[in-house]
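> let's see this in three dimensions:
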Amino acid sequence: MRAVVVSEQGGPEVLEVVERETPEPGEGQVRVDVQAAGVNFIDIYQRSGTYPMTTPFIAGSEGAGTVSAVGPGVTDVATGDLVTWAMVPGSGYTEQALVPADRLVPVPEGVSAEQAAAVMLQGMTAHYLVESTFPAQEGQTALVHAAAGGVGLLLCQLLAAKGVRVIGTTSTPEKAELARAAGADEIVFYREQDLVAEVQRLTDGAGVQVVYEGVGASTFDAGLEVLAPRGMMVLFGGASGPVPPLDPQVLNQQGSLFLTRPTLANYIAEREELLQRAGDILGAVAQGRLDVRIGGRYPLAEAARAHEDLAAGRTTGKLLLVP
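You can find the predicted model right below:
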């Protein structure tokens, strides 16, 4: 089989396609023929060294495909099943992946392998952000950064379905159109407009109850400024770089604000919660209530280009590698 391996952390050029032996599943493991793998910012962090990793490792942690073998002790997954997974290191950018059986989720009727691979990590992220980290409610206003990105488009849809007013930030009119179609009520072009001034204008100076911040360094400070008193800054990513250290007194001075830095792993640690979140998201896709935009498909040999495109903000929706 072929897999994209990182032998040493660094730039996109360290992503190398290599030939490996077909893996055999061990106790509690399942081998899956990968039909599609998700490309995520966490892959960039792991490849670059932002997140230290033991090398060599297979890049990627999310995918979908057909079960081709099961290991000892596996009883609830069978050969031929269509399954999907996320947050399983070393299981994405490869033709065949070994995945712990308790991390697999069955793909329901009406959902393709590509859709499943495109929505698992980002869909469950959007789900926990609006259902658990800050349980958004009708009548509230939320600021969603990178509203045309993979998580952003899903956040807009989930928030709009709850009756939340969504202010989205994008960089181009084309991206703004996508965000509006997903449920954003207002758009701020963050590269051209003063974010603080625009949000204050749109909210008549009241601010927003929550900021969903996946961009990081370049927009974080402005996000704190537009929060209403006792509002919450939900920092779930850093596409523009990590946020500098913060004096907690700033949260006091700007209105008894809340700041959290959640991660999906803590919201799907138990299998019951994994199945519940994945079931909600995949079910919504199957029923047509949640649209999954696939912004690009790349072969394994072009994994580096996928990373470059994602990091540069040249894409919308979700990027996939198709082995």
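> and A117, that's in a helix?
Yes: under DSSP: H, G, I helix; E, B strand; the rest coil, A117 falls within a helix.
> I'd say it and L320 touch.
Yes: taking CB atoms under 8 Å as the contact criterion, A117 and L320 are neighbours in contact, 6.0 Å apart. Quick note: C-beta positions are derived from backbone N, CA and C, even for glycine.
> higher neighbour count, these two?
A117 (31 against 24; other CB atoms under 10 Å).
> identify the contacts common to A117 and L320.
Counting by CB atoms under 8 Å, 6 or more residues apart in numbering, the common neighbours of A117 and L320 are 36-38.
> ok, A160 to A142 distance?
Counting by CB to CB, to the nearest Å, the gap between A160 and A142 amounts to 10 Å.
> need the overlap of contacts for these two.
Each of V166 lies in contact with both A160 and A142 under the rule CB under 8 Å, 6+ apart.
> what sits against the residue nearest to the spatial centre of the chain?
By CA atoms, centre = their mean, the chain has its centre lying nearest to Q122, at 2.9 Å. Listed by CB under 8 Å, 6+ apart, the contact partners of Q122 are 38, 40, 150-151, 154, 318.
> need the three-state assignment for D309.
With three-state DSSP as the basis, D309 sits in helix.
> nearest residue to it in space, ignoring adjacent ones along the chain?
The spatial neighbour of D309 that comes closest, neighbours along the chain excluded (CB to CB, 6 or more residues apart in numbering), is T315 at 5.1 Å.
> what do you get for G139?
Leaving out its chain neighbours, G139 is closest to G163 (CB to CB, 6+ apart), at 6.7 Å.
> give me the number of residues near the one you found?
The local packing count at G163 equals 11, with neighbours defined by other CB under 10 Å.
> what sits against it?
Contacts of G163 were listed using CB under 8 Å, 6+ apart, and they are 137-139.
> looking at those, which one is closest to G241?
Taking CB to CB as the measure, G241 sits nearest to Q137 out of these, at 31.8 Å.
> ok, now how distant is the closest one from T260?
In this structure, Q137 and T260 are 17 Å apart, going by CB to CB.
> element containing the residue nearest to G139, please.
Assigned by DSSP states H and E, G163 falls within no helix or strand.
> for A64, which three-state class applies?
With three-state DSSP as the basis, the three-state label of A64 is strand.
> what is it paired to in the beta sheet?
With DSSP bridges as the criterion, the beta-bridge partners of A64 are A36, T84.
> contacting residues for it?
34-36, 82-85, 107, 113-114, 116-117, 120.
> please list only the buried members of those residues.
Members of the contacts of A64 that pass the buried threshold by neighbour count (16 or more other CB atoms under 10 Å) are listed as 34-36, 82-85, 107, 113-114, 116-117, 120.
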